[in-house]
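Peer 1: Let me see the structure of the following:
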Amino acid sequence: MSEPCNRFAVGEAEIHRIEELTARLPFASFNAPQQVIDSNAHWLSPYWVDAAGTWEMVVQSWIVIVDDRVAVIDPCVGNGRSLPHFRVFHMLDTPFIERFVASGIRPQDVDVVVCTHLHSDHCGWNTHLRDGRYVPTFPKARYYMAQREFDRWDPRRPGHLSVAANEGIFENSVLPVLEAGLVELIPDNFAISPSLETQSARGHTLGHVALRLQSAGREAWFTGDTFHHPIELIHPELDAHTCEDFAQTLATRRRLIERFVARGALIIPAHFAAPHMGYLKEGDQGRRFEPLAGKMT
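Peer 2: All right, here's what the predicted structure looks like:
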C-alpha cells in the first residue's frame, strides 16, 4: 500500500488532508457474499481487508485552496463530544487543530466550510468548546449545508426522527454557527465558486451531497459517505445498513460511478485508508480501483 497522500493538486487546486483518527472495523459489516469476496480477493487483501477480517476506517478532513478561497470539507468529530452510542467517537482528545495549523493554514484563514451531511464525524469541528459553550471554529467562514439535510436533523421541526448515535450534534455543531450568522442553507446543487459545486448524493442521509471540484481540465469528487470502502465502487449493491434510504444510495452510487469512469475523475471519499483516494478504471476484466499514489490490480 502506498503512503498517505497529505498534500496534492487537482488542476490549479491545492489540497491538504487532515487526519483525526483511524479505527479497525469488521469487513463483514458490508454483507458481501462469499462470491464477491473471492472474486475481489486479489486486491482486497491485505490492504483493504486484513487477516483478522477488518478494514481501516479513517476520519479525515480536506482543505481545498482554489479560486482564491480556502475551503474545508467535512470537519470531522471534534474533541470532548459525548457520543456513547458510537464509542469510536466518544470523548475524543486529538491534536486535530494542531495538525490543521501544521498545514500552514489557520482556522481564521478559512473562507468556506462544506458539510456533505450532518453526522457527527462530518460537522463536529464546525465548533469547539470555549468557556463552556460551543463557538465557531472557523470564525470568518461561510458554512454551506444543504437545506434538506439541515431540515432532516433539526430537532425543532415537528415529526423530527432522532437517531441515538447522532444525538446532540445539531445543538452543538450546527446551531452555534447558525446563531453566529455563518450558515448558508443551499439547494442540493449549488455553485460555491467557479471550481466548487455541491451535487445531490442522497441516500446515506436524506440530504447528503457530494462536492465536485473542476480545475484546469481536471475533476475530483469529495463523496462523503456515499462510499465507505472501495468494494462499494465495484459492487455498489452492497448494503452495510448505514443508510437512511438505501434505494437512493444505490441510485446515487451508480450515477456517480458512471461519471467517475467517463471523466477519469479522482474519487476522494471521507473514510478510505491510505492513500485515501483514487480512480475507478475500466478494463477487460471489469472495473477496478486504482489508488492515487500506486496501482493495485
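Peer 1: in the lengthiest helix in the chain, what's buried?
Peer 2: Ordering each helix of the chain by length in residues (DSSP state H) puts helix 246-263 first. Within helix 246-263, the residues that count as buried by 16 or more other Cβ atoms under 10 Å are 246, 248-250, 252-253, 256-257, 259-260. For every residue, glycine as well, the C-beta is placed using N, CA and C.
Peer 1: Residue ranges in the stretch 1-150 of the chain under the pLDDT threshold?
Peer 2: 1-3 (pLDDT under 70).
Peer 1: can you do 90?
Peer 2: Regions of the stretch 1-150 of the chain meeting the criterion pLDDT under 90 cover residues 1-5, 42, 45-47.
Peer 1: quick revisit: against which helices or strands is whatever helix or strand comes next after the longest helix of the chain packed?
Peer 2: As assigned by DSSP states H and E, the chain's next helix or strand after helix 246-263 is strand 266-268. If you count contacts as 3 or more Cβ pairs under 8 Å, 6 or more residues apart in numbering; DSSP states H and E, strand 266-268 packs onto strand 218-222, strand 278-283.
Peer 1: hmm, 10 Å instead?
Peer 2: Judged by 3 or more Cβ pairs under 10 Å, 6 or more residues apart in numbering; DSSP states H and E, strand 266-268 is in contact with strand 7-10, strand 13-26, strand 54-66, strand 209-215, strand 218-222, helix 246-263, strand 278-283.
Peer 1: Ok, which of these comes nearest Thr116?
Peer 2: strand 209-215 (5.6 Å; Cβ to Cβ).
Peer 1: most packed of the helices and strands packed on strand 266-268?
Peer 2: Highest mean neighbour count of those: strand 209-215, a mean of 23 (counted as mean count of other Cβ atoms under 10 Å).
Peer 1: picking that back up, can I get the helices and strands packed on strand 266-268 in a markdown table with distance to Gly168?
Peer 2: A markdown table is the format used below for the helices and strands packed on strand 266-268 (distance: least, Cβ to Cβ, whole Å):
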| stretch | distance to Gly168 |
| --- | --- |
| strand 7-10 | 33 |
| strand 13-26 | 18 |
| strand 54-66 | 18 |
| strand 209-215 | 23 |
| strand 218-222 | 25 |
| helix 246-263 | 25 |
| strand 278-283 | 34 |
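Peer 1: For Phe170, which of the ones you listed is the nearest?
Peer 2: Among those, strand 209-215 sits nearest to Phe170 (Cβ to Cβ), with 17.1 Å.
Peer 1: rewinding a little: which of the helices and strands packed on strand 266-268 sits closest to Asp38?
Peer 2: strand 54-66 (16.9 Å).
Peer 1: List the buried residues of the helix or strand following the closest one.
Peer 2: Counting by DSSP H and E, the element after strand 54-66 in chain order, helix or strand, is strand 69-73. The neighbour-count check on strand 69-73 (16+ other Cβ under 10 Å) flags 69-73 as buried.
Peer 1: by how many degrees do strand 69-73 and strand 13-26 diverge?
Peer 2: Taking axes from the mean of the first three to the mean of the last three Cα atoms, to 10 degrees, one finds strand 69-73 and strand 13-26 inclined to each other by 10 degrees.
Peer 1: I'm done for today, thanks for sticking with me.
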